[in-house]
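Student: Build me a model from this:
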Amino acid sequence: MMHDTRAWFLCRVNDSGMVCTAKPLVYVPMSMPSANTALASSDRKTQIRAAVLQCFCDPLPQSFDRLTSLSARDWQRLLYWLDVSGLALYFFDRLDELQRRDLLPEAVAARLEQNLLDNTVRTRHLMDESATIQTEFQRANLSYAVLKGFSLCPISVPRPELRSQLDLDFLVSADNALGARHILERCGFRLHAISGRSWEFKTVHPPGSLADLYKPNRLRSIELHLEPSGGALLRRLQWRDFHGISSPVLPAADLFLGQAAHLFKHICSAWSRTAHLIEFRRHVIARQDDLDFWQKLRATAGGTPQTTWALGLVSHLITHLMSDFAPRALTCWTVDCLPPIARLWVETYGLRTTFAIFPGTKLYLILQREFETAGLPAKRPVQRSLLPLRLPPPIAVAPEQESLTARVRRHQAQMKFVLSRLRFHVVEGVRFALERKRWQKTRKTFQRQSSGLYHRSSPLPIDFAGNLPYETKE
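Tutor: Predicted coordinates for the structure are as follows:
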């Protein structure tokens, strides 16, 4: 344990949202585990994965040395995690940058080299498809913007072919939703699911396997995120040259907030792709000394607890796992205003949740309950998340004229998926029940340490219901 003295800021709520006082409410001495302390007691697989993540730090930390003594079996296990976490090609490129590709066994280096070649072709196909769809949107005079993905280049993603991008995302005015749907249907997509203000479209093809992750896939996905009529986001767009067309993207502050909201949503779920942490960290570092940007960001965020705590949690998690990276112009109103119990969750479970293998864990439900206690309602009750009452949606769209063999294969794949989800809910539900008891003990110890120093006499007098800004999918 390390003793850390931190300033917890008093947060108050007024008509415009949450505001943190300029003066610290109190300095609270607390004992919390550092990432290095937690790593020392972690299993070997977690230590290796953490070493991969930390190799993106400058200067290189001592943990990088763990990667110099991996066995062939270690590398095979690590490759699977690199694939599903989205870090494989970022890691390959980082070793090139460090001139340390010699760390890789010959077979691993050859495999990653082929993955990069395949993903370059796949990314080019995605860019072609995005440009084609955007051209149709513009011909139809639709109000839209590119979200996530290609809009993050180059500030978060130095080269698009390094990113393991699974779909395309567009923000579309709700008034133009039907027009956008008709265009996507003409391009071979079918409406697959509607969740909140998000419409998911897929092509009519069976899902691919992990072995085809970096190859062009016939099963493609597009998400439309509907902006309410009269919304301000689509009235303040910027235009950027993209693959032969002029493409609308969100302005810098809105783009940053959207990226943070998306990452926060995944941290507060069973599993998240670790690559998103690297992309967000790069974005922050790229704007490290841009005081005008941070002032604009704070004004755009509006002081709402949803946005403030989302930025604080994401920034604190990355700092805990890697190193300090965010300027005080960001942390003074985000990390410093984060409820202390949320910091404790990061420092207790940050490693386990970040480096978990898909489909993840249910430890996020502990954080969800703490946020609910602090006044931030969840979209879904904990009990429904522990054991959903509905079957998962189909993983593939059924074609209009489907052969009997194809139908049997599709149903077999769906049944296998349902059984895997059932196993996840049962196994992780039991683990959650056991971990919840440990958390209650940890929480009580934490409260005793800070007794009388951090206190809130009543719940925050505001209803924080609704989606996070820029994140509409439930």
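Student: Strands along the protein, start to end?
Tutor: In the chain, the strands defined using DSSP state E lie at 2-14, 17-32, 144-147, 168-173, 189-195, 198-203, 221-227, 238-242, 245-249.
Student: Neighbouring strands of the fourth one in the sheet, and parallel or not?
Tutor: The strands beside strand 168-173 in its sheet (DSSP bridges) come out as strand 144-147 (antiparallel), strand 221-227 (parallel).
Student: buried set for it?
Tutor: By 16 or more other CB atoms under 10 Å, the buried positions in strand 168-173 come out as 168-173. (C-beta placed from N, C-alpha, C; glycine too.)
Student: Ser385 reaches Lys362, doesn't it?
Tutor: Yes: counting by CB atoms under 8 Å, Ser385 touches Lys362, with 7.1 Å between them.
Student: of the two, who's got more company?
Tutor: Lys362 (24 against 19; other CB atoms under 10 Å).
Student: The residue nearest to Leu116 when sequence neighbours are not counted - how many residues pack around it?
Tutor: Spatial nearest neighbour of Leu116, chain neighbours left out: Leu89 (5.6 Å); criterion: CB to CB, 6 or more residues apart in numbering. Using other CB under 10 Å, Leu89 has 22 other residues around it.
Student: Same check on Ser71?
Tutor: 9.
Student: That one and Phe64, how far apart?
Tutor: Going from Ser71 to Phe64 by CB to CB, to the nearest Å gives 17 Å.
Student: ok, Pro251 - contacts?
Tutor: Contact partners of Pro251, counting by CB atoms under 8 Å, 6 or more residues apart in numbering, are 236-238.
Student: Out of these, give me the one that has the most neighbours.
Tutor: Leu237 leads these on contacts (other CB under 10 Å) with 18 neighbours.
Student: List the single closest residue to it in space, sequence neighbours excluded.
Tutor: Pro248 (4.3 Å).
Student: thinking Asp318 is in contact with Phe325, fair?
Tutor: To be clear, residue 318 is Ile; Asp isn't right here. Yes: contact criterion CB under 8 Å: Ile318 and Phe325 qualify, at 6.6 Å.
Student: Quick check: neighbours shared by the two?
Tutor: Arg281.
Student: what's the pLDDT at the residue of the chain positioned farthest from its centre?
Tutor: What lies farthest from the middle of the chain is Leu404; by CA atoms, centre = their mean that is 38.7 Å. At Leu404, the model reports a pLDDT of 89.
Student: quick one: it and His411, what's the gap?
Tutor: Going from Leu404 to His411 by CB to CB gives 11 Å.
Student: Ile318 and Phe325 - which one has more neighbours?
Tutor: Per other CB under 10 Å, whichever of Ile318 and Phe325 has more neighbours is Ile318, with 24 against 18.
Student: which residues does the more buried one contact?
Tutor: 277, 280-281, 325-326.
Student: change it to 6 Å
Tutor: 277, 281 (CB atoms under 6 Å, 6 or more residues apart in numbering).
Student: Equivalent analysis for Arg431, please.
Tutor: By CB under 6 Å, 6+ apart, the contact set of Arg431 is empty.
Student: can you pull the pLDDT of it?
Tutor: pLDDT recorded at Arg431 is 96.
Student: thinking again about what came up before, out of the strands paired with strand 168-173, which comes closest to Gln295?
Tutor: Within the strands paired with strand 168-173, the stretch nearest Gln295 is strand 144-147; the backing value is 23.2 Å (CB to CB).
Student: can you give me the helices for the stretch 151-300 of the chain?
Tutor: Using DSSP state H, counting those that start in this stretch, the helices found in the stretch 151-300 of the chain span residues 177-186, 252-267, 275-286, 291-301.
Student: Now distance to Thr442, mean neighbour count and mean pLDDT too, for those, in a markdown table please.
Tutor: Putting those into a markdown table (distance: least, CB to CB, whole Å; neighbours: other CB atoms under 10 Å; pLDDT from 0 to 100) gives the following:
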| stretch | distance to Thr442 | mean neighbour count | mean pLDDT |
| --- | --- | --- | --- |
| helix 177-186 | 46 | 16 | 98 |
| helix 252-267 | 19 | 22 | 97 |
| helix 275-286 | 24 | 21 | 98 |
| helix 291-301 | 31 | 16 | 97 |
